[in-house]
Structure formats: C-alpha cells, structure tokens
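**Q** Quick check, what structure comes out for this input:
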Amino acid sequence: MENIRTVKQILRNFELVSGLKVNFNKCSILGLNMKAEEVEQLAGIMECKVGETPFSYLGLQVGFNHHKPPS
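**A** Now for the predicted structure:
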C-alpha cells in the first residue's frame, strides 16, 4: 500500500512543478494477478475507478485476444 501512496505523491508533485492537473476521476487502475478487493482498495487510495480488460487506448484494443473468437 505504501507504494501506491508514493505514486500518488509523485503525481501530486508533478502537478505542483508543472502547473498541470492530474484528473484522477478519469483515471483507471488495473491489477494483474491481484484479488479484486485489493484493486478496489488501491483505486480508493488513488481516488480513481477500477478498470477492466479489454480496454481501448488511443482507439486500440488492449488486453484483447485476437486469436480467440468472440463469444
């Protein structure tokens, strides 16, 4: 948990130094090989939502298995 607090502090410092704002409400956090409860707890600390795969980034599907036919 301390690591995620450090990441948030780094992003807050970025805001102060750059004059830009990180909109945590538009951010998502995903956990790989983690329990859903842990990811939800991290999302609460970061004040963001829990993301799911597949997701779209710059119009491209991420986390989508192109070899598996859609069900």
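**Q** E52 versus the most centrally placed residue in the chain, what's the distance?
**A** Most central residue of the chain, judged by C-alpha distance to the mean C-alpha position with C-alpha atoms, centre = their mean, is I29 at 2.1 Å. According to C-beta to C-beta, to the nearest Å, I29 stands 11 Å off from E52. Heads up, the C-betas are built off the backbone N, CA and C, glycines and all.
**Q** just checking, next helix/strand downstream of the helix or strand containing N3?
**A** If you go by DSSP states H and E, N3 is part of helix 2-18. Under the assignment DSSP H and E, the closest C-terminal helix or strand after helix 2-18 is strand 28-29.
**Q** remind me which residues of this structure are low pLDDT?
**A** Across the chain, the stretches falling below the confidence threshold (pLDDT under 70) are 64, 66, 68-71.
**Q** about what we covered before: neighbours of the nearest residue to the residue nearest to the centre of the chain once chain neighbours are set aside, just the number please.
**A** Distance criterion C-beta to C-beta, 6 or more residues apart in numbering; nearest residue to I29, sequence neighbours excluded, is A43 at 5.0 Å. A count of nearby residues for A43, using other C-beta atoms under 10 Å, gives 20.
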